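1. Sequence below, structure please.
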Amino acid sequence: MQTGYVMCSADLNKVLCLNQDRSEVVLVDVESTQDLNRSICLSDLTETKNMYEKLKSQGVIAAREIVNVARLYKKFY
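-> As a prediction, the model looks like this:
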């Protein structure tokens, strides 16, 4: 189980993860806690915002929500 902040879609159904070879980021549907365990989760909100701004400025991702991962785990427990 992860703790901290993740970047997700506005409807909280997808989270940002690294792909299999860890070369790019992808949005993954949250269907189980395993998907949340794979997500990019940072412990500090400021760190997460900085990473979001950097990815957004490079055109890697569009607008995303930053939420505490515990809020997403609540769906399963």
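
2. The longest helix along the chain packs against which elements?
-> In the chain, with assignment by DSSP state H, the single longest helix is helix 45-57. Under the contact criterion of 3 or more Cβ pairs under 8 Å, 6 or more residues apart in numbering; DSSP states H and E, helix 45-57 touches strand 5-8, strand 65-68. Every residue, glycine included, has its C-beta placed from N, CA and C.

3. Quick one: closest of the ones you listed to C41.
-> C41 lies closest to strand 5-8 among the helices and strands packed on helix 45-57, at 5.2 Å (Cβ to Cβ).

4. residues in contact with the very next helix or strand once past that closest one?
-> Using DSSP states H and E, the next helix or strand after strand 5-8 towards the C-terminus is strand 14-18. Defining contact as Cβ atoms under 8 Å, 6 or more residues apart in numbering, one finds that strand 14-18 is touched by 6-9, 24-30, 35-36, 38-40, 61, 64, 72.

5. Buried residues, strand 14-18. List them.
-> Neighbour counts over strand 14-18 (16 or more other Cβ atoms under 10 Å) mark 14-17 as buried.

6. Need the residues you listed in TSV (columns: distance to E47 and pLDDT).
-> Formatted as TSV, those follow (distance: Cβ to Cβ, whole Å; pLDDT from 0 to 100):
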residue	distance to E47	pLDDT
K14	21	93
V15	17	94
L16	14	93
C17	17	94
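
7. Which member of those is positioned nearest D44?
-> The nearest member of those to D44, counting by Cβ to Cβ, is L16 at 16.1 Å.

8. Show me the beta-bridge partners of that closest one.
-> For L16, the beta-bridge partners under DSSP bridges are L27.

9. Distance check, it against S39.
-> To S39, L16 is 6 Å away according to Cβ to Cβ, to the nearest Å.

10. what sits in contact with each of these two?
-> Common neighbours of L16 and S39 are listed as 6, 28 (criterion: Cβ under 8 Å, 6+ apart).

11. any idea which of the helices and strands packed on helix 45-57 is most buried?
-> Here the criterion is mean neighbour count by mean count of other Cβ atoms under 10 Å, and of those the winner is strand 5-8, at a mean of 24.
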